[in-house]
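Undergrad: below is the sequence, then the predicted model.
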Amino acid sequence: MVGRIGVLGAGAMGSAVAAFLTEAGQDVILIGRGGAHIRAVAAGGLRVVSAEGSPRQVCVAAVVHAADLPAASLDILIVLTKTYDTLAAVAGVAHALAPDGAAVSLQNGLGNDVKLSSVVGGSRALVGVTTVGATLERPGQISISASTMAGQSVTHIGATGSASATHRADEVAAVLDAAALPVVHAVDVAVPIWGKLALSVMSPISAVLRMTVAGVWASPAGQSLIEQMFDEVVVVGKHQGVNMDRAAAWAHASQVFTGTGEHYTSMCTDVMRARPTELDSMAGAVHELATLASLPAPLHATVISMLGVLGA
(Lines give C-alpha, C1' and ligand atoms only; values in the text may rest on other atoms or scores of the structure.)
Protein backbone atom coordinates (compact mmCIF):
# COMPACT_ATOMS: atom_id res chain seq x y z
CA MET A 1 0.00 0.00 0.00
CA VAL A 2 1.46 3.32 -1.09
CA GLY A 3 1.46 6.08 1.50
CA ARG A 4 1.41 9.82 0.97
CA ILE A 5 2.90 11.14 -2.27
CA GLY A 6 4.66 14.48 -2.40
CA VAL A 7 5.14 16.35 -5.68
CA LEU A 8 8.04 18.75 -5.34
CA GLY A 9 7.95 21.61 -7.82
CA ALA A 10 4.78 23.66 -7.99
CA GLY A 11 5.10 24.66 -11.62
CA ALA A 12 2.95 23.50 -14.51
CA MET A 13 4.30 19.93 -14.63
CA GLY A 14 4.23 19.32 -10.91
CA SER A 15 0.73 20.76 -10.66
CA ALA A 16 -0.50 18.55 -13.51
CA VAL A 17 0.91 15.38 -11.96
CA ALA A 18 -0.55 16.31 -8.56
CA ALA A 19 -3.95 16.92 -10.18
CA PHE A 20 -4.00 13.54 -11.93
CA LEU A 21 -2.98 11.73 -8.73
CA THR A 22 -5.57 13.63 -6.69
CA GLU A 23 -8.36 12.77 -9.10
CA ALA A 24 -7.26 9.12 -8.95
CA GLY A 25 -7.86 9.13 -5.21
CA GLN A 26 -4.25 9.15 -4.03
CA ASP A 27 -3.15 10.95 -0.89
CA VAL A 28 -0.97 13.57 -2.55
CA ILE A 29 0.43 16.96 -1.61
CA LEU A 30 1.92 19.59 -3.91
CA ILE A 31 5.03 21.13 -2.37
CA GLY A 32 6.03 24.69 -3.22
CA ARG A 33 8.70 27.20 -2.30
CA GLY A 34 6.61 30.22 -1.40
CA GLY A 35 5.56 31.47 -4.85
CA ALA A 36 2.26 32.99 -5.94
CA HIS A 37 1.04 29.82 -7.66
CA ILE A 38 1.46 27.49 -4.68
CA ARG A 39 -0.18 30.07 -2.44
CA ALA A 40 -3.16 30.24 -4.79
CA VAL A 41 -3.47 26.43 -4.92
CA ALA A 42 -3.21 26.17 -1.12
CA ALA A 43 -5.93 28.78 -0.74
CA GLY A 44 -8.42 27.68 -3.36
CA GLY A 45 -7.36 24.54 -5.21
CA LEU A 46 -6.12 24.15 -8.77
CA ARG A 47 -8.08 25.19 -11.86
CA VAL A 48 -7.30 22.88 -14.79
CA VAL A 49 -8.16 23.77 -18.37
CA SER A 50 -7.57 21.84 -21.57
CA ALA A 51 -8.54 21.88 -25.22
CA GLU A 52 -10.86 18.96 -24.49
CA GLY A 53 -13.66 19.41 -21.99
CA SER A 54 -14.72 22.12 -19.58
CA PRO A 55 -12.40 23.74 -17.03
CA ARG A 56 -12.48 22.01 -13.66
CA GLN A 57 -11.40 22.79 -10.13
CA VAL A 58 -9.26 20.12 -8.49
CA CYS A 59 -8.88 20.15 -4.71
CA VAL A 60 -5.14 19.54 -4.70
CA ALA A 61 -3.66 19.58 -1.20
CA ALA A 62 -0.70 21.96 -1.09
CA VAL A 63 1.96 23.16 1.28
CA VAL A 64 3.59 26.52 0.62
CA HIS A 65 6.89 25.60 2.25
CA ALA A 66 8.44 22.12 2.53
CA ALA A 67 9.59 22.89 6.06
CA ASP A 68 5.94 22.65 7.16
CA LEU A 69 5.73 18.96 6.25
CA PRO A 70 5.93 16.48 9.15
CA ALA A 71 9.05 14.33 9.36
CA ALA A 72 8.94 10.97 7.52
CA SER A 73 5.43 11.71 6.21
CA LEU A 74 6.05 10.97 2.52
CA ASP A 75 6.28 7.49 1.02
CA ILE A 76 7.03 8.74 -2.51
CA LEU A 77 8.51 12.07 -3.56
CA ILE A 78 8.20 13.05 -7.23
CA VAL A 79 10.74 15.74 -8.12
CA LEU A 80 9.77 18.18 -10.88
CA THR A 81 11.69 21.32 -9.98
CA LYS A 82 13.97 23.06 -12.45
CA THR A 83 17.32 21.27 -12.41
CA TYR A 84 19.25 24.28 -11.12
CA ASP A 85 17.03 24.17 -7.99
CA THR A 86 17.32 20.42 -7.35
CA LEU A 87 19.86 20.31 -4.53
CA ALA A 88 18.34 23.09 -2.46
CA ALA A 89 14.75 21.99 -3.09
CA VAL A 90 15.33 18.32 -2.26
CA ALA A 91 17.43 19.19 0.80
CA GLY A 92 14.50 21.27 2.04
CA VAL A 93 12.08 18.34 1.86
CA ALA A 94 14.43 15.45 2.71
CA HIS A 95 13.26 15.35 6.33
CA ALA A 96 9.76 14.44 5.12
CA LEU A 97 10.78 11.36 3.10
CA ALA A 98 10.27 8.15 5.05
CA PRO A 99 13.35 5.98 5.71
CA ASP A 100 12.00 3.36 3.27
CA GLY A 101 10.53 5.95 0.88
CA ALA A 102 11.54 6.64 -2.70
CA ALA A 103 12.34 9.91 -4.47
CA VAL A 104 11.81 9.96 -8.24
CA SER A 105 13.27 12.66 -10.48
CA LEU A 106 11.29 13.27 -13.68
CA GLN A 107 13.38 16.32 -14.57
CA ASN A 108 15.08 17.27 -17.80
CA GLY A 109 18.72 16.71 -18.59
CA LEU A 110 21.64 14.73 -17.21
CA GLY A 111 23.02 14.27 -13.71
CA ASN A 112 19.71 14.05 -11.86
CA ASP A 113 20.66 10.66 -10.37
CA VAL A 114 23.79 12.16 -8.81
CA LYS A 115 22.01 15.21 -7.39
CA LEU A 116 19.07 13.26 -5.98
CA SER A 117 21.23 10.48 -4.53
CA SER A 118 23.57 12.95 -2.87
CA VAL A 119 20.67 14.17 -0.73
CA VAL A 120 18.40 11.15 -0.10
CA GLY A 121 20.82 8.29 -0.80
CA GLY A 122 21.01 6.11 -3.89
CA SER A 123 18.93 3.32 -2.34
CA ARG A 124 15.98 5.73 -2.12
CA ALA A 125 16.41 7.32 -5.56
CA LEU A 126 14.98 6.66 -9.03
CA VAL A 127 15.14 8.76 -12.19
CA GLY A 128 13.19 9.09 -15.37
CA VAL A 129 11.66 11.38 -17.96
CA THR A 130 8.13 12.32 -18.91
CA THR A 131 6.31 13.78 -21.89
CA VAL A 132 3.45 15.14 -19.77
CA GLY A 133 2.63 18.56 -21.18
CA ALA A 134 1.29 21.50 -19.17
CA THR A 135 1.52 25.28 -19.00
CA LEU A 136 1.16 27.61 -16.03
CA GLU A 137 -1.46 30.12 -17.16
CA ARG A 138 -1.64 32.22 -14.00
CA PRO A 139 -1.40 31.61 -10.26
CA GLY A 140 -3.82 28.82 -9.43
CA GLN A 141 -4.46 27.76 -13.03
CA ILE A 142 -2.74 25.42 -15.49
CA SER A 143 -3.57 24.10 -18.93
CA ILE A 144 -2.82 20.50 -19.85
CA SER A 145 -1.97 19.39 -23.37
CA ALA A 146 -4.48 17.41 -25.40
CA SER A 147 -2.09 14.45 -25.70
CA THR A 148 -1.68 14.24 -21.93
CA MET A 149 -5.43 14.49 -21.36
CA ALA A 150 -5.86 11.67 -23.87
CA GLY A 151 -3.45 9.45 -21.96
CA GLN A 152 -0.86 9.57 -24.71
CA SER A 153 1.99 11.04 -22.67
CA VAL A 154 4.53 8.48 -21.49
CA THR A 155 6.77 8.47 -18.43
CA HIS A 156 9.83 6.23 -18.11
CA ILE A 157 11.36 5.51 -14.72
CA GLY A 158 14.12 3.24 -13.51
CA ALA A 159 17.46 2.89 -11.79
CA THR A 160 20.66 4.18 -13.35
CA GLY A 161 23.95 5.58 -12.18
CA SER A 162 23.73 6.61 -8.53
CA ALA A 163 19.98 5.97 -8.33
CA SER A 164 19.34 2.34 -7.37
CA ALA A 165 15.87 2.03 -5.78
CA THR A 166 14.77 -0.63 -8.28
CA HIS A 167 12.66 -2.35 -5.60
CA ARG A 168 10.21 0.60 -5.61
CA ALA A 169 10.03 1.21 -9.37
CA ASP A 170 7.10 -1.10 -10.17
CA GLU A 171 5.09 0.33 -7.27
CA VAL A 172 5.69 3.92 -8.37
CA ALA A 173 4.83 3.00 -11.95
CA ALA A 174 1.56 1.37 -10.88
CA VAL A 175 0.49 4.47 -8.95
CA LEU A 176 1.06 6.77 -11.93
CA ASP A 177 -0.53 4.28 -14.35
CA ALA A 178 -3.66 4.16 -12.24
CA ALA A 179 -3.84 7.96 -12.44
CA ALA A 180 -4.01 7.90 -16.28
CA LEU A 181 -0.32 8.77 -16.55
CA PRO A 182 1.12 5.81 -18.50
CA VAL A 183 4.49 4.61 -17.21
CA VAL A 184 7.20 2.25 -18.41
CA HIS A 185 9.58 0.75 -15.86
CA ALA A 186 12.64 0.89 -18.09
CA VAL A 187 15.38 -1.68 -17.54
CA ASP A 188 17.80 0.79 -19.14
CA VAL A 189 16.31 4.19 -18.34
CA ALA A 190 19.37 5.94 -19.79
CA VAL A 191 17.99 5.34 -23.30
CA PRO A 192 14.73 7.33 -22.82
CA ILE A 193 16.66 9.97 -20.84
CA TRP A 194 18.99 10.52 -23.79
CA GLY A 195 16.06 10.28 -26.18
CA LYS A 196 14.36 13.16 -24.35
CA LEU A 197 17.66 15.03 -24.42
CA ALA A 198 17.83 14.63 -28.20
CA LEU A 199 14.22 15.79 -28.52
CA SER A 200 15.03 18.79 -26.34
CA VAL A 201 17.49 20.33 -28.82
CA MET A 202 14.49 22.35 -29.96
CA SER A 203 14.68 24.23 -26.65
CA PRO A 204 18.00 26.09 -27.05
CA ILE A 205 17.53 26.68 -30.77
CA SER A 206 14.04 28.12 -30.26
CA ALA A 207 15.41 30.20 -27.39
CA VAL A 208 18.16 31.71 -29.54
CA LEU A 209 15.66 32.49 -32.31
CA ARG A 210 12.89 33.46 -29.86
CA MET A 211 10.44 31.52 -32.00
CA THR A 212 7.72 28.96 -31.36
CA VAL A 213 8.29 25.30 -32.13
CA ALA A 214 6.03 25.65 -35.17
CA GLY A 215 8.00 28.66 -36.37
CA VAL A 216 11.34 26.85 -36.19
CA TRP A 217 9.99 23.64 -37.69
CA ALA A 218 8.26 25.41 -40.61
CA SER A 219 11.65 26.52 -41.95
CA PRO A 220 13.87 24.06 -43.87
CA ALA A 221 16.86 25.86 -42.36
CA GLY A 222 15.35 25.45 -38.91
CA GLN A 223 14.77 21.74 -39.46
CA SER A 224 18.37 21.35 -40.63
CA LEU A 225 19.71 23.02 -37.48
CA ILE A 226 17.54 20.81 -35.29
CA GLU A 227 18.65 17.64 -37.06
CA GLN A 228 22.34 18.51 -36.87
CA MET A 229 22.14 19.22 -33.15
CA PHE A 230 20.01 16.10 -32.66
CA ASP A 231 22.70 13.98 -34.31
CA GLU A 232 25.35 15.46 -32.03
CA VAL A 233 23.35 14.20 -29.04
CA VAL A 234 23.09 10.72 -30.60
CA VAL A 235 26.86 10.55 -31.17
CA VAL A 236 27.74 11.74 -27.67
CA GLY A 237 25.19 9.36 -26.15
CA LYS A 238 26.68 6.44 -28.05
CA HIS A 239 30.11 7.33 -26.67
CA GLN A 240 28.52 7.17 -23.19
CA GLY A 241 27.26 3.66 -23.92
CA VAL A 242 23.70 4.68 -24.81
CA ASN A 243 22.66 3.24 -28.15
CA MET A 244 19.55 4.97 -29.39
CA ASP A 245 17.70 3.87 -32.50
CA ARG A 246 18.49 7.04 -34.43
CA ALA A 247 15.87 6.54 -37.14
CA ALA A 248 13.08 5.80 -34.67
CA ALA A 249 14.12 8.65 -32.37
CA TRP A 250 14.22 11.16 -35.23
CA ALA A 251 10.84 9.99 -36.55
CA HIS A 252 9.38 10.47 -33.08
CA ALA A 253 10.98 13.91 -32.73
CA SER A 254 9.66 15.00 -36.11
CA GLN A 255 6.15 13.88 -35.15
CA VAL A 256 6.34 15.77 -31.86
CA PHE A 257 7.61 18.97 -33.48
CA THR A 258 4.94 18.79 -36.18
CA GLY A 259 2.19 18.37 -33.62
CA THR A 260 3.36 20.92 -31.07
CA GLY A 261 2.17 24.01 -32.92
CA GLU A 262 2.57 27.65 -31.87
CA HIS A 263 4.07 26.85 -28.50
CA TYR A 264 7.16 28.43 -26.95
CA THR A 265 9.51 25.99 -25.24
CA SER A 266 10.04 26.64 -21.54
CA MET A 267 13.66 27.61 -22.23
CA CYS A 268 12.57 30.13 -24.83
CA THR A 269 10.06 31.60 -22.37
CA ASP A 270 12.73 31.74 -19.66
CA VAL A 271 15.14 33.59 -21.96
CA MET A 272 12.49 36.07 -23.08
CA ARG A 273 11.59 36.76 -19.44
CA ALA A 274 15.24 36.94 -18.32
CA ARG A 275 14.86 33.94 -15.99
CA PRO A 276 17.42 31.19 -15.30
CA THR A 277 17.36 28.26 -17.73
CA GLU A 278 18.15 24.54 -17.59
CA LEU A 279 20.80 24.92 -20.28
CA ASP A 280 23.64 23.56 -18.12
CA SER A 281 21.93 20.23 -17.48
CA MET A 282 20.74 19.83 -21.07
CA ALA A 283 22.74 21.09 -24.06
CA GLY A 284 25.50 22.27 -21.73
CA ALA A 285 25.94 18.79 -20.28
CA VAL A 286 26.07 17.22 -23.76
CA HIS A 287 28.67 19.76 -24.89
CA GLU A 288 30.79 19.12 -21.81
CA LEU A 289 30.77 15.36 -22.44
CA ALA A 290 31.63 15.96 -26.12
CA THR A 291 34.56 18.17 -25.15
CA LEU A 292 35.90 15.60 -22.66
CA ALA A 293 35.70 12.90 -25.33
CA SER A 294 37.13 15.13 -28.10
CA LEU A 295 33.95 14.68 -30.11
CA PRO A 296 32.84 17.45 -32.46
CA ALA A 297 29.66 19.25 -31.39
CA PRO A 298 29.79 22.55 -33.29
CA LEU A 299 26.05 23.26 -33.13
CA HIS A 300 26.03 22.82 -29.38
CA ALA A 301 29.05 25.11 -29.01
CA THR A 302 27.52 27.82 -31.19
CA VAL A 303 24.04 27.74 -29.66
CA ILE A 304 25.42 27.74 -26.10
CA SER A 305 27.63 30.73 -26.93
CA MET A 306 24.71 32.62 -28.44
CA LEU A 307 22.56 31.95 -25.39
CA GLY A 308 25.46 33.22 -23.30
CA VAL A 309 25.27 36.52 -25.19
CA LEU A 310 21.56 36.62 -24.32
CA GLY A 311 22.42 36.11 -20.68
CA ALA A 312 21.22 32.50 -20.38
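TA: Structure's in. What do you need?
Undergrad: A301 belongs to a helix?
TA: Yes: assessed by DSSP: H, G, I helix; E, B strand; the rest coil, A301 belongs to a helix.
Undergrad: so what's it closest to, chain neighbours aside?
TA: H287 (6.2 Å; Cβ to Cβ, 6 or more residues apart in numbering). Backbone N, C-alpha and C define where each C-beta goes, glycine included.
Undergrad: ok, then the element right after the host helix or strand of V172?
TA: Using DSSP states H and E, V172 sits in helix 166-178. Where DSSP H and E defines the elements, the next helix or strand beyond helix 166-178 is strand 183-185.
Undergrad: helices or strands up against that next one?
TA: strand 155-158, helix 166-178 (3 or more Cβ pairs under 8 Å, 6 or more residues apart in numbering; DSSP states H and E).
Undergrad: could you dump those into TSV and include distance to T260, mean pLDDT and mean neighbour count?
TA: What follows is the helices and strands packed on strand 183-185, written out as TSV (distance: least, Cβ to Cβ, whole Å; pLDDT from 0 to 100; neighbours: other Cβ atoms under 10 Å):
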stretch	distance to T260	mean pLDDT	mean neighbour count
strand 155-158	18	96	25
helix 166-178	23	95	18
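Undergrad: could you redo those as JSON lines and give each row distance to G9?
TA: Listed next are the helices and strands packed on strand 183-185 as JSON lines, based on distance: least, Cβ to Cβ, whole Å:
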{"stretch": "strand 155-158", "distance to G9": "15"}
{"stretch": "helix 166-178", "distance to G9": "15"}
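Undergrad: looking at the ones you listed, which is closest to W217?
TA: strand 155-158 (24.3 Å; Cβ to Cβ).
Undergrad: verify the stated contact: T81 with L8.
TA: Yes: using Cβ atoms under 8 Å, T81 makes contact with L8 at a distance of 6.0 Å.
Undergrad: nearest to V187, of the helices and strands packed on strand 183-185?
TA: Checked against Cβ to Cβ, the stretch from the helices and strands packed on strand 183-185 lying closest is strand 155-158, at 6.7 Å.
Undergrad: off-centre distance for stretch 231-239?
TA: Offset of stretch 231-239 from its chain centre (Cα atoms, centre = their mean, to the nearest Å): 21 Å.
Undergrad: what sits up against the longest helix seen in the chain?
TA: Using DSSP state H, we find that the single longest helix of the chain is helix 220-239. Contact partners of helix 220-239, identified using Cβ atoms under 8 Å, 6 or more residues apart in numbering, comprise 194, 197-198, 201-202, 204-205, 209, 211, 215-217, 243-244, 246, 249-250, 253, 257, 283, 286, 289-290, 293, 295-300, 303.
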